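*Asks:* got a sequence here, can you build the structure:
(one chain, ligands or ions: 1)
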Amino acid sequence: MGAITGQQFLTRLRQNPPTLYIDGARVEDPTTHPATANMCRSLAGLYDLQHQPELRDLLTYEEGGERYATSFMVPRTREDLAKIGEAHRVRANYGLGFLGRAPDYMNANVMAAGVGAEYFNTCSASIPGDPKRDFAANMRRYYEFVRDNDLCLTHALTNPQVNRSKMASELPDPYIALGVVEEREEGIIVRGARMMATLPIADEILIFPSTVLKENADKSRYAMGFGLPTNTPGLSFQCREPIDVGRDPEDHPLSSRFDEQDAFVIFDDVLVPWERVFLLYDVELANKAYAGTDAVLHMAYQVVNLKIAKTEAFLGTAQSIVNAIGSGQFQHVQSKVAEIIIMLEIMKALEVAAREGATLNKYGVMTPARGPLDAARNYYPANHARLPELLQLLGASGIIMMPSKADREGPLGPQIAKFLQAGNASADDRLKLFRLAWDMAMSSFAGRQELYERFFFGDPVRMHSALYEVYDSREAVERIQAFLSRKDTPATEAGSGAEVAHA
Ligand SMILES: Cc1cc2nc3c(=O)[nH]c(=O)nc-3n(C[C@H](O)[C@H](O)[C@H](O)COP(=O)(O)OP(=O)(O)OC[C@H]3O[C@@H](n4cnc5c(N)ncnc54)[C@H](O)[C@@H]3O)c2cc1C
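*Replies:* You can find the predicted model right below:
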């Protein structure tokens, strides 16, 4: 099938709705339910982008006579990587960078895992050559299946937040955390829950462990990797309270379009067919799955491009506010906009460094450099909160005094038009702009974004530790050691001594 259209996405979702629960009731059709319909429409728009004549060559690629979404493309050269990065950015711009889990993210994951599928055959439970239990073959087929059908994936990595001082097996019930109950002829039975899956309005869910599984006697029960349709019997998604409250997009420009939802995922003795199992019982392999296939780097490459788009959106909005209220001559205002520019340029430079420093990995995949991507995925969560703060500081009361579209069309319309006009725009245009700033910096949509940015790639504390563990600082340490042990010749014995010092 290859790259699908928005209509195909909506039809498929309508025919195979995920088992979503919102406000105590089952969502029968997410394409029409008030809490999810707008997001479904936005996703459909994203799928349609790849068929726009001027974007088709960038957002899709050809292989074996079929056209697929570029985010599934296996990069073999730096040029391929550049095309993938540009496609990520164009698609990110569609949601102004606020769609954290557009399908590209998981596409990058399954691409890398599919091409590096041999990794999964080192799993102790894999039976190479077996029609069902050859995990490498299963992973490879899954990548092709997802790519060929242009599926939309969600994923859930972490266990419920019951008691972080205990291991999964020590909780009041051993199946609070998702675990394997038994093996059957046709597959494995899994029971338990996962804490968070953003974008549950998806065709499939991918399950892998994210946090390093602790060593303990029954540790292997919790080590697993598999993919399932989101409407699999026994699988349900408890969604959080909707942020999209059905307001006009002019009033809620982001939340009325891009509430991607986050769901708690419950597995009530779910059968995972063997063909969908990629990893089992092997703790060490599970702990290294993302690094072992380099999937983490391809996902991080999508992320760095996405965050560039988001930072550009903040810059565009901040500068538009400054232009609207004529505050650009104040030095501290310039300085605040400059902060956004610096953040943007840092992210752009990290993207270039990751791409230019890319190398072929052992699976023949052109893989972006780890150092700049690790820097980006640690830097952005630590600094993102400053972006909405800057919009608040630049917009001040303008970000709260925003009569709605209905107000502007109501009895006070003429007064609103007079008193809330901008230095360079009508009240209508000014209020549309400030409403966007509010949705970026103040609304419940913005609040959820702030939390998302802090945690979406993992706990920042543990991410710093991981960076500390993997970063190769030996050369820097050696230089310091060499400096400390350097015996400079005293000036009286060797002229000025300057040559020695600079040698
Ligand atoms: C909006 C949002 C969307 C998300 N979307 C997804 C998604 O689509 N898929 C997905 O898989 N995940 C998703 N996540 C989850 C994300 O991966 C986790 O939030 C992140 O890994 C942190 O785990 P946690 O939330 O369970 O926090 P916890 O692990 O419960 O941590 C809570 C606090 O305790 C501290 N802490 C806990 N354990 C340790 C430890 N061992 N060492 C040091 N400090 C510790 C943490 O630093 C933190 O301060 C999402 C999260 C958010 C907020």
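
*Asks:* buried ones in the longest helix along the chain?
*Replies:* In the chain, with assignment by DSSP state H, the single longest helix is helix 295-325. Buried residues in helix 295-325, counted by 16 or more other Cβ atoms under 10 Å: 295-315, 317-318, 320-322, 324-325. From N, CA and C alone the C-beta is placed, and that goes for glycine too.

*Asks:* whichever helix or strand comes after that helix: which residues count as buried?
*Replies:* The helix or strand immediately downstream of helix 295-325 is helix 331-356, counting by DSSP states H and E. Neighbour-count burial for helix 331-356 flags 333, 336-337, 339-340, 343-344, 346-347, 350-351, 353-355 (criterion: 16+ other Cβ under 10 Å).

*Asks:* what's the closest of those residues to residue 132?
*Replies:* Set against residue 132, the nearest of the buried residues of helix 331-356 by Cβ to Cβ is residue 354 (37.8 Å).

*Asks:* touching, the closest one and residue 372? I think so.
*Replies:* Yes: contact criterion Cβ atoms under 8 Å: residue 354 and residue 372 qualify, at 4.3 Å.

*Asks:* shared neighbours of these two, anything?
*Replies:* residue 304 (Cβ atoms under 8 Å, 6 or more residues apart in numbering).

*Asks:* restrict the buried residues of helix 295-325 to contacts with the ligand.
*Replies:* Among these, no residue is within reach of the ligand (Cβ under 6 Å from any ligand atom).

*Asks:* tell me where the protein has strands.
*Replies:* 20-22, 25-26, 60-63, 66-69, 153-156, 179-183, 187-198, 204-207, 224-229, 235-239, 262-273, 277-280, 359-360, 366-367 (DSSP state E).

*Asks:* strand partners (parallel or antiparallel) of the third one?
*Replies:* The sheet places strand 60-63 alongside strand 66-69 (antiparallel), with pairing taken from DSSP bridges.

*Asks:* report the mean per-residue pLDDT for the strand it pairs with.
*Replies:* For strand 66-69, the mean per-residue pLDDT is 97.

*Asks:* what does stretch 371-390 give?
*Replies:* Rounded mean pLDDT across stretch 371-390 is 98.

*Asks:* repeat for stretch 126-145
*Replies:* 97.

*Asks:* do the same with stretch 96-116
*Replies:* The average pLDDT for stretch 96-116 rounds to 97.

*Asks:* that one: which residues count as buried?
*Replies:* Residues 96-116 are the ones in stretch 96-116 that count as buried (16+ other Cβ under 10 Å).

*Asks:* so where's the stretch 201-350 of the chain shaky on pLDDT?
*Replies:* 210-219 (pLDDT under 70).

*Asks:* in CSV, list the strands of the chain along with distance to residue 376.
*Replies:* Shown next, in CSV, are these (distance: least, Cβ to Cβ, whole Å):
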stretch, distance to residue 376
strand 20-22, 32
strand 25-26, 40
strand 60-63, 25
strand 66-69, 23
strand 153-156, 20
strand 179-183, 34
strand 187-198, 19
strand 204-207, 23
strand 224-229, 26
strand 235-239, 30
strand 262-273, 23
strand 277-280, 27
strand 359-360, 18
strand 366-367, 15
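
*Asks:* before we move on, what's the pLDDT of residue 491?
*Replies:* pLDDT at residue 491 comes out at 69.

*Asks:* check contacts around the residue nearest to residue 124 when sequence neighbours are not counted.
*Replies:* In this structure, residue 124 finds its nearest non-sequential neighbour in residue 282, 5.0 Å apart by Cβ to Cβ, 6 or more residues apart in numbering. Residue 282 makes contact with 123, 124, 125, 220, 223, according to Cβ under 8 Å, 6+ apart.

*Asks:* tell me who's in contact with the closest residue to residue 456 other than its chain neighbours.
*Replies:* Closest residue to residue 456 apart from its sequence neighbours, by Cβ to Cβ, 6+ apart: residue 100 at 5.8 Å. By Cβ under 8 Å, 6+ apart, the contact set of residue 100 is 198, 260, 306, 449, 452, 456.

*Asks:* which other helices and strands does the longest helix of the chain contact?
*Replies:* helix 78-94, helix 104-115, helix 289-292, helix 331-356, helix 370-383, helix 386-395, helix 427-441 (3 or more Cβ pairs under 8 Å, 6 or more residues apart in numbering; DSSP states H and E).

*Asks:* a markdown table for these, including distance to the ligand?
*Replies:* Output for the helices and strands packed on helix 295-325, formatted as a markdown table (distance: least, Cβ to the nearest ligand atom, whole Å):
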| stretch | distance to the ligand |
| --- | --- |
| helix 78-94 | 17 |
| helix 104-115 | 9 |
| helix 289-292 | 11 |
| helix 331-356 | 20 |
| helix 370-383 | 10 |
| helix 386-395 | 15 |
| helix 427-441 | 16 |
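
*Asks:* distance to residue 245 for these - can I get that in JSON lines?
*Replies:* What follows is these, written out as JSON lines (distance: least, Cβ to Cβ, whole Å):
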{"stretch": "helix 78-94", "distance to residue 245": "22"}
{"stretch": "helix 104-115", "distance to residue 245": "26"}
{"stretch": "helix 289-292", "distance to residue 245": "36"}
{"stretch": "helix 331-356", "distance to residue 245": "29"}
{"stretch": "helix 370-383", "distance to residue 245": "27"}
{"stretch": "helix 386-395", "distance to residue 245": "20"}
{"stretch": "helix 427-441", "distance to residue 245": "12"}
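
*Asks:* which one of those lies closest to residue 406?
*Replies:* Nearest to residue 406, of those and by Cβ to Cβ, is helix 427-441 at 11.8 Å.

*Asks:* ok, residue 459 to residue 224 distance?
*Replies:* Separation of residue 459 from residue 224 (Cβ to Cβ, to the nearest Å) stands at 21 Å.

*Asks:* meant to ask about residue 241, not that
*Replies:* Residue 241 is 30 Å from residue 224, by Cβ to Cβ.

*Asks:* just give the number of residues close to residue 478.
*Replies:* 10 (other Cβ atoms under 10 Å).

*Asks:* distance of it relative to residue 485?
*Replies:* 11 Å.

*Asks:* if we can go back for a sec, closest to residue 414 out of the buried residues of helix 331-356?
*Replies:* When these are compared against residue 414 (criterion: Cβ to Cβ), the nearest one is residue 333, at 30.7 Å.

*Asks:* spit out the contact partners of that closest one.
*Replies:* 322, 327, 394.

*Asks:* repeat the analysis, applying 10 Å as the threshold.
*Replies:* When contacts are counted by Cβ atoms under 10 Å, 6 or more residues apart in numbering, residue 333 is found next to 318, 321, 322, 325, 327, 393, 394.

*Asks:* just flag the most distant two among these.
*Replies:* Using Cβ to Cβ, the contacts of residue 333 span at most 12.6 Å, a distance reached by 325 and 393.

*Asks:* rewinding a little: check the offset of the longest helix of the chain from the chain's centre.
*Replies:* 13 Å (Cα atoms, centre = their mean, to the nearest Å).

*Asks:* equivalent analysis for stretch 447-459, please.
*Replies:* Worked out by Cα atoms, centre = their mean, stretch 447-459 lies 10 Å from the chain centre.
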